[in-house]
Structure formats: structure tokens, C-alpha cells
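# Here is the input, now give the coordinates:
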Amino acid sequence: MKKILFLTITLFLFSTKTSACDCECAGDCTFKSISEGMEFVALVKVVEFSDYLEENIPGYEGKMPSSMTVEIIKKYKGKDSRKMIKIWGDDGALCRPYTANFEIGEYYLIAPNLITAPNKNESKTDYEFFSCFVDYLKVDFKNAVAYGDYTKRTNKITLKKFEKNLNK
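Numbers count the residues shown, from 1 in each chain. As a prediction, this is how the structure comes out:
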């Protein structure tokens with residue numbers, strides 16, 4: 001019986017998928033805190049998924065998008081003057097959220113990082129998110145409200161109040 005239990009536990013440990021990004025946030029990593037420290041903050045609309053991973057991701061149907069093109073609806077901070085930007089997601093080995101977490105046609109408040117060390121197909125003018133931070137919030141555009149971990153105590157904020165509070 002002990003051998004079977006040991007074998008079962010061993011097989012379980014070797015068969016579980018480990019994450020390439022094992023991080024914990026030290027300090028305040030809510031959207032309010034992160035967006036105050038970022039150079040670029042904007043309200044965007046997801047236009048399309050732009051690139052796809054070559055390999056399949058377990059648990060995801062079809063090809064996993066690896067980047068998305070977003071339209072800048074309103075820029076709150078930053079020098080980037082483009083109307084469209086590309087944001088890259090995880091490839092299974094990076095500390096980024098999967099692009100499939102986003103929806104085409106939906107709106108988001110974002111505070112992404114400019115890519116400094118581009119991977120294959122990426123550019124230094126593209127952006128990325130970091131999985132250990134709250135650097136994007138989903139937005140109900142019709143009601144002008146963003147949802148998610150805005151602060152440790154607030155999980156929604158109006159866009160008007162967000163703009164007023166930014167770097168206050």
C-alpha cells in the first residue's frame with residue numbers, strides 16, 4: 001500500500017504543470033499604485049488578436065493568440081502618440097497574462113510596460129503586461145466604469161474619478 005501511495009504522489013508531482021512565473025507582489029500592486037508609476041496609461045479597445053503561438057496550450061481550444069492590437073481611445077499619461085499599439089502576451093514561459101484573457105471589442109484601462117528586450121517578432125515600440133501586477137482593468141464603456149483591483153479596498157471606479165485621481 002505504501003508503494004502505491006508513493007508512486008501515486010510521485011506521478012502527480014511530475015505530471016502537474018509548473019508555472020514559469022512564480023511571483024508574489026511585494027507592496028501595493030493594485031491598478032492605482034501601478035498606473036501612478038507607469039509612463040503610459042490609457043483607455044483602449046481591443047481591435048484584433050495579431051499573432052498566434054505555434055504550439056497548443058493545454059486547456060485552450062484552438063491557437064492561442066500571443067499579441068493583440070488595441071486602439072487608444074484616451075491617453076491619460078505618456079508620450080506615445082500612435083492611435084494603435086501592439087501588446088504581447090505570454091508564450092507559456094514569460095511572466096505575462098495570456099492575450100486570450102482579453103476580448104475583441106472590449107475596453108480596458110491599461111498601464112503596460114514598453115518592451116525593452118524584445119523576443120521573436122516583438123519590437124521596442126510594443127508593450128507588455130506583468131502577471132504579478134494589476135496593470136489592466138476591464139471597462140464597462142457604456143457606463144464609464146472600470147472593474148478590478150483598483151485599490152486594496154476598491155474594485156470599481158468611474159473613468160472620471162480615475163482621471164481625477166491619477167497622480168494626485
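# In the chain, mark out all the helices, start to finish.
Counting by DSSP state H, one finds helices in the chain at the ranges 2-15, 31-37, 159-165.
# rank those by pLDDT, which is bottom?
Across these, helix 2-15 has the smallest mean pLDDT, namely a mean of 35.
# Tell me how many other residues surround the nearest residue to residue 40 once chain neighbours are set aside.
For residue 40, the nearest residue in space outside its immediate sequence neighbours is residue 78; the separation is 3.5 Å by CB to CB, 6 or more residues apart in numbering. The C-beta positions use only the backbone N, C-alpha and C, and glycine is treated the same way. Taking other CB atoms under 10 Å as the neighbour definition, residue 78 ends up with a count of 15.
# what's near enough to touch residue 78?
Listed by CB atoms under 8 Å, 6 or more residues apart in numbering, the contact partners of residue 78 are 39, 40, 41, 42.
# ok, it to residue 134 distance?
Between residue 78 and residue 134 the computed distance is 18 Å (CB to CB, to the nearest Å).
# Using JSON lines, lay out the contacts of residue 78 together with pLDDT and distance to residue 123.
Written out in JSON lines, the entries for these read as follows (pLDDT from 0 to 100; distance: CB to CB, whole Å):
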{"residue": "39", "pLDDT": "94", "distance to residue 123": "17"}
{"residue": "40", "pLDDT": "96", "distance to residue 123": "15"}
{"residue": "41", "pLDDT": "97", "distance to residue 123": "20"}
{"residue": "42", "pLDDT": "98", "distance to residue 123": "18"}
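# ok, which stretches of this protein are strands?
In the chain, the segments counted as strands under DSSP state E are 41-52, 65-77, 84-88, 107-110, 113-114, 127-128, 136-140, 145-147, 156-158.
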